[in-house]
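Enquirer: Sequence first, predicted model second:
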Amino acid sequence: MLTITLIYRLSPDRPPSFTVLATTVFIILAWDPNYIYDIGFRLSCVATRGIVTITPLLTGLVRLRWAKPPEWLCHGLAIPVTALLPVMPVTYGYFRTLPPYANPANLLASPLAAVATPSRFCGSSSR
């Protein structure tokens, strides 16, 4: 997904995020059509779609509710919630249960992932 996003960023016209997601899904399924049956692939697509579509709405609500919250706080709260909301029906449909600890765990893990992901990338590219 990152590669497709970077390619689109080089173009003079910035396509909508949904176009980037749809292109990525198309390429992955063209590469291996069996991914359509993989629950991890499905959950990833649904979570990414939720982040792309719901995060701007939720950050706007947070800004309306509180006067001038920091950007990191808006996105730090919105992204885990918007990733989890659309995934919940798929999770319940597949596993017939919903973990009660998912949202608190995502809220705690998001700041760690924001630090760990770039540092891991830099560590792997330095060899």
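Expert: It's in. Residues are numbered from 1 along each chain as shown.

Enquirer: going forward, measure contacts between C-alpha atoms and count neighbours the same way
Expert: Will do.

Enquirer: Can you tell me the SS state at Ile28?
Expert: Using DSSP: H, G, I helix; E, B strand; the rest coil, the structure places Ile28 in helix.

Enquirer: pLDDT wise, what is the nearest residue to it once chain neighbours are set aside at?
Expert: Using CA to CA, 6 or more residues apart in numbering and skipping residues adjacent in sequence, the residue nearest Ile28 is Tyr35, 7.6 Å away. The model reports Tyr35 with a pLDDT of 94.

Enquirer: Tyr35 contacts Leu29, doesn't it?
Expert: Yes: with contact defined as CA atoms under 8 Å, Tyr35 reaches Leu29; the gap is 6.3 Å.

Enquirer: So which residues of this structure form helices?
Expert: Under the criterion DSSP state H, the chain contains helices at 2-10, 17-31, 39-65, 71-95, 102-125.

Enquirer: Show me what the second one is packed against.
Expert: To tie it back to what came earlier, the one meant is helix 17-31. Contact here means 3 or more CA pairs under 8 Å, 6 or more residues apart in numbering; DSSP states H and E; on that basis helix 17-31 packs against helix 2-10, helix 39-65.
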